[in-house]
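**Student:** Quick one: sequence and predicted model below, then my questions.
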Amino acid sequence: MKFYGGVHPKENKITRNYRIEPIPVPPLVVLHLSQHTGKISRPIVKVGDTVLKGQKISEPDGLISAAVHSSISGRVKEIKDFVHPVTGTKLPSVIIESDKLNRSIHCNTKYKEYFRFDRSELVSFIRENGIVGLGGAMFPTAVKLSPPKDKIIDYVIANGCECEPYLTCDERLMQEYPAEIVSGLKIVMYILDAIKGIVVVEDNKPEAYNKLKEVVSRVPNVEIIKVKTKYPQGAEKQLIKTVLNREVPSGGLPMDVGVVVHNVGTLYAIHNAIVKGIPLYERVVTISGDITRSGNFLVPIGTLISDIVKMLNIDISAIDKVILGGPMMGVAVNSLDIPVIKGTTGILFIKSNSKVDDGKYYPCIRCGKCVRCCPMKLMPNFLSLYIEHKLWDKVKMFSLYDCIECGVCSYICVSKRPITAQIKYAKTKLRS
Ligand code: SF4
Ligand code: SF4
């Protein structure tokens, strides 16, 4: 099955053959206490404390929240508000200065043989290790692994689509750590008591597909599927439609149709936590765009982009725009003194002649392209107009909350209307 709409943006996956390499230990890290969907976590360290790499520095506050761990060893320098890469506002963070010794905690491998343990114990351990969705959404994984009793999950999907242009962090993980990803999938299947696991890879990643296929061929109840490359194939609802021909209802979740979807990066993090006892304190980030020092780098969470630029000697003299994430769903930032967070999939350095929005837009010419391409079957043209004119009742009537903010409408619009940004604004406005 195919999902409705979608587009085929130029791939620009220039870093797909670059092996994952660790960056040097940064001089300091800024660890936001909000690196997840839900409530800001509560700090459990104070200024002057010494911490080790992997040490927990904040506790989840409530059910939908996540712990944060130090990504370097050193001393807590400050606890203060710092600019957040997603919201652009200042939010609480813990700043840790490196002692350059890179000393780690002792890893707890008690759950290595996970199938001997109670499922709820494993979920608590995943929560303890700060795992969130690494595809960008940052939803606390422990919550996704705790569906209500009346929701029977029969399928777990490992999402290896990575359909955003430029980004290759997942592709490299699939090529370099296929066994670990499948191990993460098996752990999730065990926790959810699911009968089947499906690894899904787009057909523009043949090496990743072959590597995973080799592993999957030795694992019972897991299969691998190749799907056509199309954006946003990696969006949960679209992926479920393509793979299982099930439709997640409006306002519903994948678990409503018996499915749980995890990004391959998240599954790798689950494997690391359960099997190796390593909390989530670093991630693979694609650094790409109009620069010569591109690649896929293992980055300690909290590293400032300005420090990455210095450490990797990236020449940004001709760069006009820096985007966190992919060009379709990412956010442009106006300062480099912003830290990498758990959901940072990529950092793109773009010259203005590249295909990105320059901020100018024009009246709608009613071409209908955005309607034909919207994967949620919405009417982005009307949403855009009504938001512009602040007609909030009409905005709600046009299913604002069903928008998955995929960016397709903005990308396809001949009048360059910033429809997705308008929709994000309207959601925030109406919620407040
Ligand atoms: S951003 Fe929203 S309205 Fe625009 S194409 Fe995607 S789902 Fe449709
Ligand atoms: S693509 Fe742009 S110009 Fe065309 S109908 Fe949609 S909003 Fe209007």
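**Tutor:** Noted; the coordinates are in hand. Ligands and ions are numbered 1, 2, ... in the order given.
**Student:** show me where the stretch 151-300 of the chain has helices.
**Tutor:** Remark: helices assigned in the stretch 151-300 of the chain by DSSP state H, counting those that start in this stretch are 169-176, 178-192, 206-216, 236-244, 264-276.
**Student:** Just confirm P254 contacts E236, I think it does.
**Tutor:** Yes. Between P254 and E236 there is a contact at 5.4 Å, judged by C-beta atoms under 8 Å. Every C-beta, even on glycine, is put in place using the N, C-alpha and C of the backbone.
**Student:** Return every residue with contacts to both of those two.
**Tutor:** V248, V261 (C-beta atoms under 8 Å, 6 or more residues apart in numbering).
**Student:** Using the record's assignment, carve the protein into domains.
**Tutor:** Following automatic domain parsing, one gets these domains for the chain: 114-276, 369-431.
**Student:** show me where pLDDT drops low in the protein?
**Tutor:** 353-359 (pLDDT under 70).
**Student:** Quick one: residues contacting the residue lying farthest from the centre of it.
**Tutor:** For the chain, the largest distance from the centre (C-alpha atoms, centre = their mean) belongs to I365, which lies 34.1 Å off. Going by C-beta under 8 Å, 6+ apart, I365 touches V414, S415.
**Student:** I'd like the distance between it and I323.
**Tutor:** The gap separating I365 from I323 is 27 Å, by C-beta to C-beta, to the nearest Å.
**Student:** Nearest the geometric middle of this protein, what residue?
**Tutor:** Nearest to the mean C-alpha position of the chain, by C-alpha atoms, centre = their mean, lies G136 at 1.8 Å.
**Student:** Hmm, it is touching G325, no?
**Tutor:** Yes. Look at G136 against G325 with C-beta under 8 Å: they come within range, at 5.9 Å.
**Student:** Now the residue nearest to the centre of the chain: phi and psi?
**Tutor:** With angles defined as degrees, to the nearest 10, G136 sits at phi 130, psi -30.
**Student:** coming back round to it: out of the helices of the stretch 151-300 of the chain, nearest to Y411?
**Tutor:** Comparing the helices of the stretch 151-300 of the chain by their distance to Y411 (C-beta to C-beta), the top pick is helix 236-244, with 15.4 Å.
**Student:** export the closest one as CSV, just CAs?
**Tutor:** Output of helix 236-244 as CSV, limited to C-alpha atoms (Å, rounded to 0.1, in the frame of the first residue of the first chain):
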residue,chain,number,x,y,z
GLU,A,236,4.3,7.0,11.9
LYS,A,237,0.8,7.2,10.4
GLN,A,238,2.1,7.1,6.8
LEU,A,239,4.4,4.2,7.6
ILE,A,240,1.7,2.1,9.2
LYS,A,241,-0.6,2.8,6.2
THR,A,242,2.2,1.7,3.8
VAL,A,243,3.3,-1.4,5.7
LEU,A,244,0.1,-2.7,7.3
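**Student:** which residues sit against it?
**Tutor:** In contact with helix 236-244 (C-beta under 8 Å, 6+ apart) are residues 1-3, 6, 155, 157, 159, 161, 198, 200, 225, 227, 232-233, 246-248, 254, 257, 259, 261, 375-376, 404.
**Student:** separation between the residue farthest from the centre of the chain and K149?
**Tutor:** Where K149 is concerned, I365 sits at a distance of 52 Å (C-beta to C-beta).
**Student:** Repeat that for A426.
**Tutor:** 36 Å.
**Student:** Between those two, which is the more surrounded one?
**Tutor:** Per other C-beta atoms under 10 Å, whichever of A426 and K149 has more neighbours is A426, with 22 against 6.
**Student:** Tell me, how many residues neighbour the residue in the stretch 51-200 of the chain that ligand 2 sits nearest to?
**Tutor:** For the stretch 51-200 of the chain, the residue closest to ligand 2 is P165, as judged by C-beta to the nearest ligand atom, at 19.3 Å. P165: 20 surrounding residues under other C-beta under 10 Å.
**Student:** same check, this time on the one 3 residues further on
**Tutor:** One way to gauge burial is a neighbour count; for T168, by other C-beta under 10 Å, it gives 30.
**Student:** Pull the contacting residues for it.
**Tutor:** K13, T15, R16, Y18, E162, T286, S288, N296.
**Student:** And it, how far from N204?
**Tutor:** Between T168 and N204 the distance is 11 Å, computed by C-beta to C-beta.
**Student:** what do you get for L192?
**Tutor:** Counting by C-beta to C-beta, the gap from L192 to N204 is 29 Å.
**Student:** Ok, V123 next?
**Tutor:** Taking C-beta to C-beta, one finds V123 at 34 Å from N204.
**Student:** and for T168 and N204, which residues touch both?
**Tutor:** Taking C-beta under 8 Å, 6+ apart as the criterion, T168 and N204 both touch K13.
**Student:** OK, now which residue of the stretch 201-350 of the chain is nearest to ligand 2?
**Tutor:** Closest point on the stretch 201-350 of the chain to ligand 2, by C-beta to the nearest ligand atom, is M328, at 15.3 Å.
**Student:** who's the residue lying closest to T89 once chain neighbours are set aside bridged to?
**Tutor:** Distance criterion C-beta to C-beta, 6 or more residues apart in numbering; nearest residue to T89, sequence neighbours excluded, is V83 at 7.4 Å. Counting by DSSP bridges, V83 is bridged to K90.
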